[in-house]
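J.: give me a model of this one.
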Amino acid sequence: MKAARIVLTALVAVSVAVPAHAQLGALGKIKKGADKAADTKQKLDDLNINDKEERQLGEQVSLKLRSRFGVYQNADVAKYVSLVGGLVAAAGTRPNLDWKFIVLDSDGVNAYAAPGGIVHITRGLLGLMKNEAQLAGVLGHEITHVNVKHTVRAIERSKAISMGAEQAGSGSVRNELIARLADKAFQTLFNGEFSREDENEADQVGVRLASKLGYGPQGIVDVLKLIDARNNGREDRNGLFASHPATKDRIQKLEKQIAAEKLTGSATADARYKQHISFDAKPVTEIAVDTSGAAGLASGDKKKDDDEKKADDKKEEPKKRGFGLSSITGGSKEAKSSQQVASAGARGVGPDRDAKGGSNPAPINVKITAADLDAFKKGLSG
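T.: Okay, the predicted model is just below:
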C-alpha cells in the first residue's frame, strides 16, 4: 500500500511539473482537431451532389465495373443496345443526360445503373432475353434507378462515408469525397443493395416507360420469370433482381399494375432482337467465377485478393487427379463448372454476380443522333 502511494504521488508531481502553457497548448490542439472533424462531418451531413458531380461519380463507378468485367467488343451489339436504351431514356424524366449504354463482357446475368446516366448490361443477360420488349423493360428499370438517383440515396442512407480531420485539410476535400462515394456506389451496385422501395419504384416506372413507347409491358415480367427459373433451387442471392423483394412478389405486383393501368403496348420486335443478339446465356452451372469481386476494386487492394484466391486454389489442388486426356483437352466443361460453382458456393457468392469478365475495359464509342432514334422507333414492330 505504501509503495502504491509513492507511485501515485510521483505521477501527480510529474503532472504538476508540466508548464501551464504546454498543457493549454495541448488542449488547444485537441480542440482544433475536434473542430476540424466536426466541420468535416457537417460537410458530409450536408452533402448535396450536383449533376456534374453525379456524372463524375458515375464515370468512376463505370470504370470499376469495366475493369471488373471488361467490355464486350462488338460495335453492332453496342449500337443496338444504345438505340433501345436511347429510346427509353428519351421517354423518361432526364432525357438530356449524356446517356451511355455499355455491354459488359461477362457470362453473368446482370445489369448496373451508374449515377449520371451510364447503364451497363452484361452479355449474359442479353443472351438470356428473347426479344426487344424484354430489353426495353430491363433498361427502363435501370434508367429509372438513374432518373430518381437511387444509388445516391442508398449512399446517403448508409451513412458509411467518413473522413478524418487530417484528410479534410489536404488536397481537394470534394474530390476525395467523390472517390469514396464511388467506392460505396460500386459496392452498392455490385452487391445489389437497393432497398425494397427503390426496386419496386424502378419496376413500376420502368414498365410504364417501355409501354409508353409501344413495347409490350410484359417484357420485364418475362425477364423476371426467366431469372426466377434460372435461380430455381439456389439459396444464394444470385445476380439481377435476386435480392429485394422476392422475384415472385415483383412479378405479381407488375402483373397487377399492368392490368390496373391498362398498359397496352404490344411490340416485341423479336426478329430485330435476334438479328443483333445471336448468342444464348450460359446455364448458371457453367459460369466461371472470380471471387476477388467487388472488394479488391473498391479497396484498391486487388493484388491481395488475387493472392488470397491463389492460396485457396492451391488448397484445392490435391483434390484434382492426374494429367490424363481430360487435362490435355481442357477437361469436361460441366465438371469444371461444377467445381467452380461449388467453390463459389462455399465462399458465399453467386455465379451471376461473381462471374469472370473479359480483359478489355475500353468502352466502344457509339454516336446516336435524334434522326437515328426516330428511324429506329419507326422500325419498331412485332
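
J.: can we go C-alpha only for contacts and neighbour counts from here?
T.: Will do.

J.: and the spatially closest residue to Ala185 that is not a sequence neighbour, what helix or strand is that in?
T.: Leaving out its chain neighbours, the residue that sits closest to Ala185 by CA to CA, 6 or more residues apart in numbering is Thr151, at 6.3 Å. In the assignment (DSSP states H and E), Thr151 maps to helix 150-158.

J.: how about Lys253?
T.: Lys253 belongs to helix 247-260, assigned by DSSP H and E.

J.: could you dump that helix to CSV, C-alpha only?
T.: Output of helix 247-260 as CSV, limited to C-alpha atoms (Å, rounded to 0.1, in the frame of the first residue of the first chain):
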residue,chain,number,x,y,z
THR,A,247,-38.8,-12.2,-57.5
LYS,A,248,-42.2,-13.8,-57.4
ASP,A,249,-43.6,-10.9,-55.4
ARG,A,250,-42.3,-8.5,-58.0
ILE,A,251,-43.9,-10.5,-60.8
GLN,A,252,-47.3,-10.4,-59.1
LYS,A,253,-47.0,-6.6,-58.4
LEU,A,254,-46.1,-5.9,-62.0
GLU,A,255,-48.9,-8.0,-63.4
LYS,A,256,-51.4,-6.2,-61.2
GLN,A,257,-50.0,-2.9,-62.3
ILE,A,258,-50.2,-3.7,-66.0
ALA,A,259,-53.9,-4.7,-65.6
ALA,A,260,-54.8,-1.8,-63.3
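
J.: and it, which residues are buried?
T.: 247, 250-251, 254, 257-258 (16 or more other CA atoms under 10 Å).

J.: also stretch 219-236?
T.: For stretch 219-236, by 16+ other CA under 10 Å, it's 219-225, 227-228, 230-231.

J.: which one of those residues is nearest Ile49?
T.: Nearest to Ile49 among the buried residues of stretch 219-236: Ile220, at 30.7 Å, using CA to CA.

J.: element containing the nearest residue to the closest one once chain neighbours are set aside?
T.: For Ile220, ignoring the flanking residues on the chain, the nearest one in space by CA to CA, 6+ apart is Gly137 at 4.5 Å. Element membership of Gly137 [criterion: DSSP H and E] is helix 132-147.

J.: run through the residues that contact Ser62.
T.: Residues near Ser62 by CA atoms under 8 Å, 6 or more residues apart in numbering: 114, 118.
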